[in-house]
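K.L.:
Show me how the following folds:
(chains A and B)
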Amino acid sequence: MDKTLTSKHGPWIAGGLIGLIAVALTHFGNPGNMGFCVACFTRDIAGALGFHRAGVVQYIRPEIPGFILGSFLSSLLFREYSPRGGSSPAVRFGLGVFAMLGALVFLGCPWRAYLRVSGGDWNALYGVGGLIVGIFIGILFLWNGFSLGAAEKNPKFAGLIMPLIAVSLLAFLFLAPKFGENAPIFFSEKGPGSQHAPVLMALAAGLIVGWLAQRSRFCTVGAIRDFLMMGDGHLLKGIIAFMITAFAANYFLGTFKPGFENQPVAHSDQLWNFLGMVLSGLAFTLAGGCPGRQLIMAGEGDSDAGIFVLGMLAGAAIAHNFSAASSGAGIGAMGMHVTIIGLIFCGFVGILSRDRG
Amino acid sequence: MSDVITVNASGLSCPQPVMLTKKALSNLSSGKVEVLVDTATSRNNVSRFAENKGWSVNVEELENGGYKLILEK
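P.N.:
Numbers count the residues shown, from 1 in each chain, chains lettered A, B, ... in the order given. Predicted coordinates for the structure are as follows:
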């Protein structure tokens, strides 16, 4: 099995399975077209911890700690656990913030963008278009010598921080502690945050996907990047299989609903669907991989990816506290502003970060 | 060409290890190139790229972690 997952067939086998698991999670309770959404789930976790107070999106999604721990255990088992870090961490934090802000203008990370298309939400076609353009801009920076510099080997313990955070999140989920008057872990009673698959099922799904993605290197941004840059379709097959199985499962379960209107957790402001994902795609490309991949690398001991994930957590809080997140009703009051500021930030990062001549 | 070219891609994010390898191989029709990487992902990506270009790849695991890939054609 492991030989297959690490072979040239790995990405499409992993992608196909992940597509099925995603639709199963939706079927068993996750919000529509949200079997997996690293941005939405991280945003829900930020809400559960009280970092933002948007009451409808607060829940500790076990899929996220599941990804980190699945990857952590897999990397230990296959001797790929490799504590490392030190490649422009503060810049990566900023990229994580803006990747999240862009994703919450669109309402989904690249994983959910593909899942939305697979469920018939044609608004997401603008998001996928934006994602491709954002990745292409990132490629232009790479071709011009962009680099955040080399990471170095870290002490073994350094790589354990993100897995420890993942375990803490699971403890908060299962124990739901109260830290004082008005200081609980927040769990939405209505809205998307209240919709979720059974906890143990979602955790198991996260662990399995963490393992599959760690072995196959499944990456929703690297797939397009490698294809556009070098004509390398290795990872792209993963995305195609992911979308095909998700579509087939949606079709079979009656949740394929083609159209623009009344799509779950989506809006039809196409310009900002597009530009939000340009920002997100660019930020992910500059950081070296999609949000799922960042979680997987964080599980392998990569502190730079860990910092990026913490940036996403902060970005989620900023998005809701500063009225920048979209909702089904449309984009937030500050949605345009943060998108433009994010594009300028990424532009500076792309131009000014270079490691070697 | 008898000189060994060394590419140090250790610690770099995707896709830089493959980009640096591609640059090093682009002007060579044969020879020997050594590529240093720090993760199994970069090891696999560089190996796959070089093999697709017709180079043979030998992997040495380094003592301090990381890998030395020896590409020959």
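
K.L.:
So residue A:302 is in contact with residue A:84, correct?
P.N.:
Yes - applying Cβ atoms under 8 Å, one finds residue A:302 in contact with residue A:84, separated by 5.6 Å. (Each C-beta comes from the backbone N, C-alpha and C, glycine too.)

K.L.:
ok, residue A:133 - contacts?
P.N.:
Counting by Cβ atoms under 8 Å, 6 or more residues apart in numbering or on different chains, residue A:133 makes contact with A:274, A:278, A:281.

K.L.:
quick revisit: residues that sit against both of residue A:302 and residue A:84, list them.
P.N.:
A:151, A:159.

K.L.:
Now do the strands in chain B.
P.N.:
Ranges of strands in chain B, per DSSP state E, are B:4-8, B:32-37, B:56-61, B:67-72.

K.L.:
does any bit of the third one sit next to chain A?
P.N.:
Spelled out, it's strand B:56-61. No - Strand B:56-61 is not in contact with chain A by Cβ under 8 Å from any Cβ of the partner chain; minimum separation 9.7 Å.

K.L.:
In the sheet, which strands lie alongside that strand, parallel or antiparallel?
P.N.:
Note on strand B:56-61: by DSSP bridges, its sheet partners are strand B:67-72 (antiparallel).

K.L.:
repeat for the second one
P.N.:
Applying DSSP bridges to the sheet, strand B:32-37 is found paired with strand B:4-8 (parallel), strand B:67-72 (antiparallel).

K.L.:
which residues touch the residue in the stretch 101-250 of chain A that chain B sits nearest to?
P.N.:
Across the stretch 101-250 of chain A, the shortest distance to chain B (Cβ to the nearest Cβ) belongs to residue A:150, at 3.1 Å. Listed by Cβ under 8 Å, 6+ apart, the contact partners of residue A:150 are A:86, A:87, A:355, B:10, B:11, B:12.

K.L.:
Please repeat the previous calculation with a cut-off of 10 Å.
P.N.:
Residues in contact with residue A:150 (Cβ atoms under 10 Å, 6 or more residues apart in numbering or on different chains) are A:84, A:86-87, A:355-356, B:8-13, B:16, B:38.

K.L.:
which of those residues count as buried?
P.N.:
Buried members of the contacts of residue A:150, counted by 16 or more other Cβ atoms under 10 Å in any protein chain shown: A:84, A:86, A:87, B:9, B:10, B:11, B:12, B:13, B:16, B:38.

K.L.:
follow-up on the earlier one: out of the contacts of residue A:133, list just those in helices.
P.N.:
Mapping these onto helices (DSSP state H) picks out A:274, A:278, A:281.

K.L.:
which one of the residues you listed sits closest to residue A:224?
P.N.:
Nearest to residue A:224 out of the ones in helices among the contacts of residue A:133 is residue A:281 (Cβ to Cβ; 8.0 Å).

K.L.:
longest helix of the chain?
P.N.:
Just so you know, I chose chain A. Under DSSP H, chain A gives helix A:123-143 as its longest helix.

K.L.:
Please refer instead to chain B.
P.N.:
Assigned via DSSP H, chain B shows its longest helix as helix B:40-52.

K.L.:
In that one, which residues are buried?
P.N.:
By neighbour count on 16+ other Cβ under 10 Å, the buried set for helix B:40-52 is B:40, B:41, B:42, B:43, B:44, B:45, B:46, B:47, B:49, B:50.

K.L.:
for stretch A:18-32, same thing?
P.N.:
For stretch A:18-32, the neighbour count (16+ other Cβ under 10 Å) marks A:18, A:19, A:20, A:21, A:22, A:23, A:24, A:25, A:26, A:30, A:31, A:32 as buried.

K.L.:
Indicate whether it makes contact with chain B.
P.N.:
No - Stretch A:18-32 lies apart from chain B when judged by Cβ under 10 Å from any Cβ of the partner chain; the minimum separation is 17.8 Å.

K.L.:
picking up where we left off before, filter the buried residues of helix B:40-52 down to the ones close to chain A.
P.N.:
B:40, B:41, B:43, B:44, B:45, B:49.

K.L.:
okay, those residues in CSV with pLDDT next?
P.N.:
Shown next, in CSV, are those (pLDDT from 0 to 100):
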residue, pLDDT
B:40, 95
B:41, 96
B:43, 96
B:44, 95
B:45, 96
B:49, 96
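
K.L.:
Closest to residue A:178 out of the residues you listed?
P.N.:
residue B:41 (41.6 Å).

K.L.:
my read: that closest one touches residue A:80, true?
P.N.:
Yes - in this structure, residue B:41 is within contact of residue A:80 by Cβ atoms under 10 Å, at 8.1 Å.

K.L.:
Quickly list what's touching both of those two.
P.N.:
Contact criterion Cβ under 10 Å, 6+ apart; residues shared by residue B:41 and residue A:80: A:214, A:300.

K.L.:
So what's the residue count around the residue lying closest to residue A:101 once chain neighbours are set aside?
P.N.:
Spatially, and ignoring its direct neighbours in sequence, residue A:101 is nearest to residue A:338 (4.6 Å; Cβ to Cβ, 6 or more residues apart in numbering or on different chains). Residue A:338 sits with 27 neighbouring residues when counted by other Cβ atoms under 10 Å in any protein chain shown.

K.L.:
Could you give me the buried positions within the host helix or strand of residue A:338?
P.N.:
In this assignment (DSSP states H and E), residue A:338 forms part of helix A:335-352. By neighbour count with 16+ other Cβ under 10 Å, helix A:335-352 contains the buried residues A:335, A:336, A:338, A:339, A:342, A:343, A:345, A:346, A:349, A:350.
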